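Colleague: Sequence and predicted structure, then a few things I'm wondering about:
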Amino acid sequence: MVQNIERRKFIRKRVRMACAFSMSSGMMFYGNTVDVSLQGVCMESPSFSSGSGGPLNPGDSGLLTLRFRIGDKEENMKVRCQVMHVAANGVGLSIRYADLSKKDQDNLGKIIASGKANIEED
């Protein structure tokens with residue numbers, strides 16, 4: 001029997017958030033997160049393609065915009081990231097957590113802790 005071993009350093013939660021990934025080349029992809037951690041995001045979009053020669057390849061970099069709500073107010077969080085892996089309709093992005101403002105770090109932590117893209121106001 002093969003045992004699944006969790007190798008991630010950070011807790012990953014299934015959270016669905018609207019997001020956009022803007023590559024350094026200027027290409028833009030719109031979709032939703034599948035799951036989120038302090039280290040990365042899995043994003044799905046119908047415009048992703050798998051395999052080499054597709055629009056995304058491991059090592060590509062860009063800017064990820066996450067859309068969420070705090071109380072009744074819609075917020076955006078922007079973070080630089082790098083493509084880690086590509087599947088037929090999804091991409092794993094490694095985020096640069098240290099580049100986030102303290103406010104964005106706190107908000108990301110609240111989103112992960114609650115498992116929702118709608119967090120309560122303090």
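Modeller: Arrived safely, thanks for sending. Remember, predicted model here, so these are calculated numbers, not experimental data.
Colleague: Could you list the low-confidence segments of the chain?
Modeller: Per-residue confidence for the chain (pLDDT under 70) gives these ranges: 1-10, 48-54.
Colleague: Wait, residue 82 touches residue 64, no?
Modeller: No. At 10.0 Å, residue 82 does not count as touching residue 64 under the criterion of Cβ atoms under 8 Å. Quick note: C-beta positions are derived from backbone N, CA and C, even for glycine.
Colleague: Pull up the overlap in contacts between the two.
Modeller: Residues touching both residue 82 and residue 64 (Cβ atoms under 8 Å, 6 or more residues apart in numbering) are residue 93.
Colleague: The two: which is more packed in?
Modeller: Looking at residue 82 and residue 64 with other Cβ atoms under 10 Å, you find the greater number of neighbours at residue 64, namely 22 against 16.
Colleague: From what I see, the more buried one and residue 95 are in contact.
Modeller: Yes. Contact status for residue 64 versus residue 95: in contact at 6.7 Å, counting by Cβ under 8 Å.
Colleague: Can you pull up the most central residue in the protein?
Modeller: Most central residue of the chain, judged by C-alpha distance to the mean C-alpha position with Cα atoms, centre = their mean, is residue 41 at 2.9 Å.
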